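K.L.:
Need coordinates for the following:
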Amino acid sequence: MTAKNPTHEFDLLKSWGLTSGELSEIVAENPSMRGLMFGFIAEYKIKRDCLSGSKIKNLTRPRSHDRKAKGDFFFEYKGHKILLEVKCLDTPKVKGNEVDGWSGTFQCNASDKTTVQLPNGETVKTNCLAVGGFDVLAVCLFAFGNVWRYAFAANMDLPRTTWPKYTPKQQEYLLKSSMGITWPVPSPFSTDLFAILERVIEARK
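P.N.:
Take a look at the predicted model:
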C-alpha cells in the first residue's frame, strides 16, 4: 500500500476555522500579506507548470538562508546544472489590456543589501543581483490579464544597473534593480523556457 502524503490531507481553512471568503477578506485588509502569499504561489505554479516535465531532472530548492545561491530552484537540463530565479510584476504599475498589449515592471533585486564579490576582485555592498549569480530569470506575468504565464531570460542577457553610485566597471557586473517588460514579451525574454536553457548551455561551450 502506498503511504499517504500528509500534505495532501491538510486543509488549511478547515484547520483555522475559516471560509474562503474570510481568508480573502483578511488578505484584502492586509496588502503586504497578499504580496507575500503571491510570491510563494507564483513559485508553486511555475514549479508545477514549467519544471515538472521529463526534461527537467533533480529539481530542488536552495536553502532559504543560503546567500551564495541567489535563486529559487536548482535543476539539471541535459546534464547542465541550472539555477532559476523567480520574480513577479509590480501589480499597481501594470497597464494595458489583452487586445492592445500589456506593460509593467518588476523588481530584480535582493530583499536586503549583501556584500557581493565582483569578477574583477572588487566587493560592493548592494541589493543588486550579480551578473552570473543565477542562470535563468523567470518573470510571473499573472498581472497581465490574470493568466498564469511566464517570461524567461538568460541572466547574461539582462540589463545592467546604471545607478551612478557604482563605477562603470561595477555596473558591468550588477543587474538593473527595476526592469520593464511587455506582453507580447520582447527580447531577450521568451515564453519558451527551453529556448532560454539552450541559450545558457550554448554560452557555456
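K.L.:
Would you map the helices across this protein?
P.N.:
Assigned by DSSP state H, the helices in the chain fall at 6-9, 12-16, 20-29, 31-50, 168-171, 193-204.
K.L.:
Now do the end-to-end distance for stretch 178-197.
P.N.:
Across stretch 178-197, the terminal residues are separated by 23 Å (C-alpha to C-alpha, to the nearest Å).
K.L.:
List the buried residues for that stretch?
P.N.:
Of all the residues in stretch 178-197, those buried under the rule 16 or more other C-beta atoms under 10 Å are 179, 181-183, 185, 188-190, 193, 196-197. Yep, even glycine has a C-beta here, placed from its N, CA and C like the rest.
K.L.:
now this structure, which segments are flagged as low pLDDT?
P.N.:
1-9, 63-70 (pLDDT under 70).
K.L.:
can you rerun that using 90?
P.N.:
1-12, 31-32, 34-36, 62-71, 111-112, 114, 116-121, 205 (pLDDT under 90).
K.L.:
Apart from its neighbours in sequence, what residue is nearest residue 60?
P.N.:
residue 74 (4.8 Å; C-beta to C-beta, 6 or more residues apart in numbering).
K.L.:
what residues are up against the one you found?
P.N.:
For residue 74, the contacting residues are 58-62, 81-84, by C-beta atoms under 8 Å, 6 or more residues apart in numbering.
K.L.:
one step back: kindly indicate which of the buried residues of stretch 178-197 lies nearest residue 148.
P.N.:
Comparing the buried residues of stretch 178-197 against residue 148 with C-beta to C-beta places residue 183 closest, at 13.0 Å.
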